[in-house]
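Novice: what follows is a predicted protein model with its sequence.
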Protein chains: 4
Amino acid sequence: MQKLKTSTRREKVEQREDAIIEAARRTFAKRGFAKTTMAEIARQSGVADGTVYLYFKNKEDLARAVVSDFYRRLTASAQSGVDELASTAEQLKFLATNHMELIMKERRILEMLPLINGEIDSYGGSELFDLNKNYVVIFDRIAKAGQASGNIKTNITPWILRDIFFGAMDYGFKTMMIKDRRKDIDLFVDDLLSLILVDSSAFKPRRDDMSHIAGRLEAAAERLETMIKRNPHER
Amino acid sequence: MQKLKTSTRREKVEQREDAIIEAARRTFAKRGFAKTTMAEIARQSGVADGTVYLYFKNKEDLARAVVSDFYRRLTASAQSGVDELASTAEQLKFLATNHMELIMKERRILEMLPLINGEIDSYGGSELFDLNKNYVVIFDRIAKAGQASGNIKTNITPWILRDIFFGAMDYGFKTMMIKDRRKDIDLFVDDLLSLILVDSSAFKPRRDDMSHIAGRLEAAAERLETMIKRNPHER
Amino acid sequence: MQKLKTSTRREKVEQREDAIIEAARRTFAKRGFAKTTMAEIARQSGVADGTVYLYFKNKEDLARAVVSDFYRRLTASAQSGVDELASTAEQLKFLATNHMELIMKERRILEMLPLINGEIDSYGGSELFDLNKNYVVIFDRIAKAGQASGNIKTNITPWILRDIFFGAMDYGFKTMMIKDRRKDIDLFVDDLLSLILVDSSAFKPRRDDMSHIAGRLEAAAERLETMIKRNPHER
Amino acid sequence: MQKLKTSTRREKVEQREDAIIEAARRTFAKRGFAKTTMAEIARQSGVADGTVYLYFKNKEDLARAVVSDFYRRLTASAQSGVDELASTAEQLKFLATNHMELIMKERRILEMLPLINGEIDSYGGSELFDLNKNYVVIFDRIAKAGQASGNIKTNITPWILRDIFFGAMDYGFKTMMIKDRRKDIDLFVDDLLSLILVDSSAFKPRRDDMSHIAGRLEAAAERLETMIKRNPHER
DNA sequence: AATGAATGAGACTTCATTCAT
DNA sequence: TATGAATGAAGTCTCATTCAT
């Protein structure tokens, strides 16, 4: 019975911590770090002001917990999705799509990163650094296997390939947000992967040994098609 | 004489505005937006606290001016460098290197972007949006010419190619900062370009045996594009 | 058996109370009243935060207990030392030295006095007042005997003599702390006593060769005077 | 005109600083350091909360200014009074009386001393240490002259004499406060001085060297007779 | 146009004390 | 009796912005 009680108490504590993180996440996402007050977070969590400080040393620490939590969810969903797929192309496609969808939803959370990591120099070794590493390593593993099996280009330094992969998406989603065209995620991901994969047939028509001429004709045709497809919407 | 006086006065005003922006830039870069006080900026500019408000409506407005100024300098240095080069590969290489070097130096300035653009939705149409557009258009022009001349892959949607280009660098420089390996810029840029360029063997413009037919088709396609863009209402 | 159990329980309670007082004493001495937290005291005592409040009404009450305890120890050590000595001079010397050594060690404790006695007006009659009285009465008794035996000057009002005695030491120890010269305690005490004692030969070289007879007569006369002076008023 | 304006402004600033110090003094004196809020001081000074921080770095700094101000007033009034008197005895009497009266009025201010001087070790060299030194040096000068002219005992180490002098008063006033007998100041001061001065005739009845023993014995005898005659019933 | 002293809202944080377990 | 998580009042201090000079 005592064990049960202890267990219950621990659960309660964890529930409370989760409630605070969740409230913080919501509020940070709505107002940004600076304009969010601890009082508001406390109110949203249904606890007293002081209680928040029992769980988190200060506002920055809470923000860090929120970002950590985001990274954990991101990593978990990415890993579990990747595990169910076999081919390099499919795995990367899932990883990319999952990434874009989640960072779109929680972009304000990611904007806090530079604020809560004082100097970039001290970032290496921090908890967040490790969490980020834990996440991107999913790509690294896929890429390594892909390069071994000849599915991914080998003439690019691995860490640069990774930076291109994630950097392109972190930047690209903003463009999409501004133009309010979330439906382009698929297009974006396909184009990105076609750059990385040796044989992008899974996403784009094959172009292997074709002559340049044929290739460019095709490209020109595609652009025309694209224009025509998009035009009606632009009106 | 009066004219001279007026001119002098106007110059003085401009000098003062520049001094404030420069001081703000330095201080924002050192401490970040939140930890920089208006009083510090005033002191660094050699003006009184109140004077800053004669030139800028508020702190956010001043930060916007700083970022605008940064974009203007970035665009100017990029454009002037690009203008002196002929080949697609050389132009892109310069654009990339210039970009990485400048954002490394002023990374804290760019971190302010999400803070001074309230909702991302209102970003499109803002002054900063236009300035950013002005900048990235340099890439767009090179890319267009590059695709026309067959130096750049054509199977990637242009705006996505652009996002990959800038996104990769904005992300990559962080990795390099953390590892304190700024010397990798060259490696990074080369790898990035090798993905984008059709023949990246030496980043030299390839004058391969162009087919007349392809050239004509391409030219036709461009003309069509232009027409359709200009006259959307014509159906 | 029940009695034994009760006794054990009572002992346990007393041990706990002592532990809390001791922890409080240490912490107050280290950080002062304001900067000491109840949580820290609880931690140092090895009890839970709430438990402290089972033994002491509040922080002030606990501080009072600490000071009371200090006075009790001060009184006990003074009394037991004095009891073993015979001459007025030796007794005062012991009393003074004992006082200086203890208040040097626990000066932060005494600094709390004004904080825990709200208005000075309500001090008279309080427990601390009584404890202080209990302590200084040791001096009073020595002084009375000393005056009776002619060893202490009689032309000073007794309570003033006492205030001079303790006041000089409470002030003097600070001077010594600042100059970090604790070795001057002896010098200080000797000088102080030479002022109070009629014949300070025990501490200072004799100044003249007064005859014993004259001296004794004078002392007797003074005692008579004192008796007569005070008697009518006391009625 | 500009000079006048500057002068006016400086005066205004000084007036404001004085007003804040005065309000702080009043409030600290009424409630003590801990229970005094900066908001209350601001309100009492007639300025906004933030304004106080333009003049004083923080609450502790303000308290220090209040104590400094007290020491300055104490020193000024002591010095000017002493300057008008000639004899050692008169000067010391004035110094003592002035001291007691002022510390009685502002005792809560002095109680703040241990709070605003963190560690006693760092007290030496601080501004308050210097101010205190400036003050007690008045005694030192009188004592030096007094010892030179033979009016003050020479067998006491000078700094100890000084500590006895001030210590006795700082302690004695408390006794008087508790018993609410401020009228005893005179008695106290006289007794204290009679200990320090070689010839305390100015304060105590003279007892010159010739035939005093016999004379006093005679007087004592007479008084005894009187007493006995007056109180026959007491037997 | 320039100054810079003054403002005052409001943020974060602490911690003595309580009370359900 | 003991616990310790929770409370929430209250305090200090900052700083963007204003406005009289």
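Specialist: Now that the structure is in, tell me what you want to look at.

Novice: pLDDT wise, what is the nearest residue to A:V82 once chain neighbours are set aside at?
Specialist: Of all residues not flanking A:V82 in the chain, A:Q91 sits nearest, at 4.9 Å (CB to CB, 6 or more residues apart in numbering or on different chains). In short, each C-beta sits where N, CA and C put it, glycine included. Confidence at A:Q91, expressed as pLDDT, is 96.

Novice: measure A:R43 to A:I20 for me?
Specialist: From A:R43 across to A:I20, the span is 11 Å (CB to CB, to the nearest Å).

Novice: quick one, which of these two is more surrounded?
Specialist: Neighbour tally, A:R43 and A:I20, criterion other CB atoms under 10 Å in any protein chain shown: the higher count belongs to A:I20, 24 against 14.

Novice: just the pLDDT for that one.
Specialist: Value listed for A:I20 in the pLDDT field: 96.

Novice: within the helices and strands, which one has it?
Specialist: Element membership for A:I20 (DSSP states H and E) is helix A:2-35.

Novice: next one: that helix to chain centre, how far?
Specialist: Counting by CA atoms, centre = their mean, to the nearest Å, helix A:2-35 is centred 23 Å from the centre of its parent chain.

Novice: what's the residue nearest the centre of chain A in contact with, if anything?
Specialist: Centroid-nearest residue in chain A: A:H99, 3.4 Å away (criterion: CA atoms, centre = their mean). The contact partners of A:H99, by CB atoms under 8 Å, 6 or more residues apart in numbering or on different chains, come to A:74, A:78, A:166, A:169.

Novice: so A:G125, which state does it fall into?
Specialist: Here A:G125 is recorded as coil under DSSP: H, G, I helix; E, B strand; the rest coil.

Novice: still on that earlier bit, most neighbours among the contacts of A:H99, which one?
Specialist: A:M169 (25 neighbours).

Novice: separation between the residue nearest to the centre of chain A and A:F166?
Specialist: As judged by CB to CB, A:H99 and A:F166 stand 7 Å apart.

Novice: check A:Y123 too.
Specialist: The gap separating A:Y123 from A:F166 is 16 Å, by CB to CB.

Novice: residues in contact with A:S126?
Specialist: By CB under 8 Å, 6+ apart, the contact set of A:S126 is A:N117.

Novice: cool, and A:E127?
Specialist: Per CB under 8 Å, 6+ apart, neighbours of A:E127: A:64, A:68.

Novice: pLDDT weak spots in chain A?
Specialist: A:1-9, A:118-121, A:124, A:199-235 (pLDDT under 70).

Novice: point me to the residue of it nearest DNA strand F.
Specialist: A:G50 (1.6 Å; CB to the nearest atom of the strand).

Novice: what's the helix or strand for that residue?
Specialist: A:G50 is part of helix A:49-55, with elements assigned from DSSP H and E.

Novice: list the buried ones in stretch A:13-25?
Specialist: Across stretch A:13-25, burial judged by 16 or more other CB atoms under 10 Å in any protein chain shown covers A:16, A:20-21, A:23-25.

Novice: reformat those as CSV; add distance to A:R10.
Specialist: Formatted as CSV, those follow (distance: CB to CB, whole Å):
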residue, distance to A:R10
A:R16, 11
A:I20, 16
A:I21, 16
A:A23, 20
A:A24, 21
A:R25, 22
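
Novice: filter these down to the ones close to DNA strand F.
Specialist: Among the buried residues of stretch A:13-25, the ones lying near DNA strand F by CB under 7 Å from any atom of the strand are A:R16.

Novice: the buried residues of stretch A:13-25 into a markdown table, with extra columns for distance to chain B?
Specialist: Shown next, in a markdown table, are the buried residues of stretch A:13-25 (distance: CB to the nearest CB, whole Å):
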| residue | distance to chain B |
| --- | --- |
| A:R16 | 29 |
| A:I20 | 22 |
| A:I21 | 21 |
| A:A23 | 21 |
| A:A24 | 18 |
| A:R25 | 17 |
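
Novice: closest to D:I196 out of the buried residues of stretch A:13-25?
Specialist: Comparing the buried residues of stretch A:13-25 against D:I196 with CB to CB places A:I20 closest, at 67.6 Å.

Novice: quick check, the closest one in contact with A:D61.
Specialist: No - here A:I20 lies out of contact with A:D61, judged by CB atoms under 8 Å, at a distance of 11.3 Å.

Novice: can you list the domains in chain A?
Specialist: Domain ranges of chain A: A:1-56, A:62-204, per automatic domain parsing.

Novice: tell me what the helix holding A:G50 is packed against?
Specialist: With contacts taken as 3 or more CB pairs under 8 Å, 6 or more residues apart in numbering or on different chains; DSSP states H and E, helix A:49-55 sits against helix A:2-35, helix A:38-45.

Novice: of all the residues in that helix, which ones are buried?
Specialist: A:52, A:55.

Novice: how about the next helix or strand after it and DNA strand F, touching?
Specialist: Later in the chain than helix A:49-55, the nearest helix or strand by DSSP H and E is helix A:59-83. No - using CB under 7 Å from any atom of the strand, helix A:59-83 stays clear of DNA strand F, coming no nearer than 12.7 Å.

Novice: swap in stretch A:109-122?
Specialist: No - Stretch A:109-122 stays clear of DNA strand F (CB under 7 Å from any atom of the strand), getting no nearer than 14.1 Å.

Novice: what's the first-to-last distance across that stretch?
Specialist: Distance across stretch A:109-122, first residue to last, is 20 Å (CA to CA, to the nearest Å).

Novice: kindly report the same for stretch A:44-64.
Specialist: Chord length of stretch A:44-64, first to last residue, is 18 Å (CA to CA).

Novice: which parts of chain A sit against DNA strand E?
Specialist: Residues of chain A lying near DNA strand E by CB under 7 Å from any atom of the strand: A:5, A:36-39, A:49-50, A:53, A:58-60.

Novice: just the buried members of those residues?
Specialist: So, by 16+ other CB under 10 Å, the buried ones in these are A:36, A:38, A:59.

Novice: was I right about the first one contacting A:F28?
Specialist: By that I understand A:T36. Yes - the criterion here is CB under 8 Å, and A:T36 meets it with A:F28 at 5.3 Å.

Novice: fine by me, thanks again.
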